[in-house]
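*Asks:* Structure, please.
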Amino acid sequence: MYIKKAVQTYLNDLSSKKPTPGGGSAAALVGANGAALILMVAEFSRKNQQVAAVMREAKKIKTDLAAFVDIDVKEYKKVALAYKKPTGTAAQIISRKRIISQALISALKVSEDICNLCFKGIRLSKRLVKIGNTNLITDTAISAFFFEAAFRSSFYNIKINLKCLKDKRLAQAKIAKYKKLEKQIRKLREETLKNVDKYL
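*Replies:* All right, here's what the predicted structure looks like:
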C-alpha cells in the first residue's frame, strides 16, 4: 500500500523499471494533493457554514483519491495478468478475451472515478477562492491546477482503455462525456485564476 509508505519510496518505484505505480496512480496522487490544499486553506480560513461545507466535501475527495493511488496499481496488475492468460486452445482464447475485457472495464472505471472526483474538487477551488483566506489564495489556485492535471491525465487513461476494449459505441459515449467535462474543468480553472489574479 503506497499511500502508507514514504513519499520517497513511491517516487523511487515510480521512476524505476517497474510496471507499477504508473500514470494512473500518479494522477490520483496529484488530485489528492489538490484536495489537501483545499483543506489547508480552509483550516486557515474564517469558519462559517460555507467553509465547513467545502471542508466536508474536500475530506471525502482527498480520502477517495488517496485510495485510488493504490487501487490503480491493483487494477493495472489485473490487466497485465489478463494478457498473460494462455491461448493454446479455442476455449482458452475465449476465456482470455473475456478476462481481458473485464479487467479493462474495471481499470476504465478507476480512471472515470478519478476524473469525476477531480471535477468535484475543482468546483471547490472556485468556491474557496471567494470565501477562503486570501493570504493563501495562491494555494487555492494551485489546487485548481492539480485537479485539472489529474483529470486530463486520467482522461488519457480512459482513452487508452477504450481503445483496447475495441467497443466503438462505448468509446464514443465515454469520450463525448469526458470531453464535455474537460471543457467545464478548463472553464472552472480559468474562472478560479481570474479571481485569484484580482488579489495579486
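*Asks:* How far does the one helix or strand D72 maps to sit from its chain's centre?
*Replies:* Assigned by DSSP states H and E, D72 falls within helix 49-83. Between the centre of helix 49-83 and the centre of its chain there are 7 Å (C-alpha atoms, centre = their mean, to the nearest Å).
*Asks:* try stretch 133-142
*Replies:* For stretch 133-142, the distance to the chain centre is 21 Å (C-alpha atoms, centre = their mean).
*Asks:* how many other residues sit next to A82?
*Replies:* 19 (other C-beta atoms under 10 Å). For glycine as for every other residue, the C-beta is placed from the backbone atoms N, C-alpha and C.
*Asks:* Actually, Q8.
*Replies:* Neighbours around Q8, by other C-beta under 10 Å: 8.
*Asks:* Over to it: give its phi and psi.
*Replies:* Main-chain torsions, Q8, degrees, to the nearest 10: phi -60, psi -40.
*Asks:* Excluding covalently adjacent residues, which one is nearest to K120?
*Replies:* Nearest-residue entry for K120: I61, 5.9 Å, with adjacent residues in sequence omitted and distances by C-beta to C-beta, 6 or more residues apart in numbering.
*Asks:* Would you agree the one you found is in contact with A35?
*Replies:* Yes. Contact status for I61 versus A35: in contact at 4.4 Å, counting by C-beta atoms under 8 Å.
*Asks:* Need the overlap of contacts for these two.
*Replies:* G121, L124 (C-beta atoms under 8 Å, 6 or more residues apart in numbering).
*Asks:* what about these two, which has more around it?
*Replies:* Ranked by neighbour count (other C-beta under 10 Å), I61 and A35 place A35 first, with 29 against 24.
*Asks:* quick one, what contacts the nearest residue to that one once chain neighbours are set aside?
*Replies:* Among residues not flanking A35 along the chain, K62 sits closest, at 3.6 Å (C-beta to C-beta, 6+ apart). Shown in contact with K62 (C-beta under 8 Å, 6+ apart): A32, A35, A36, I38, L39.
*Asks:* Among the residues you listed, name the ones in helices.
*Replies:* A32, A35, A36, I38, L39 (DSSP state H).
*Asks:* Can I get these in JSON lines including distance to I3 and pLDDT?
*Replies:* Converted to JSON lines, these look like this (distance: C-beta to C-beta, whole Å; pLDDT from 0 to 100):
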{"residue": "A32", "distance to I3": "8", "pLDDT": "98"}
{"residue": "A35", "distance to I3": "13", "pLDDT": "98"}
{"residue": "A36", "distance to I3": "12", "pLDDT": "98"}
{"residue": "I38", "distance to I3": "18", "pLDDT": "98"}
{"residue": "L39", "distance to I3": "16", "pLDDT": "98"}
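*Asks:* So among the residues you listed, which ones count as buried?
*Replies:* Neighbour-count burial (16 or more other C-beta atoms under 10 Å) is assigned, among the ones in helices among the contacts of K62, to A32, A35, A36, I38, L39.
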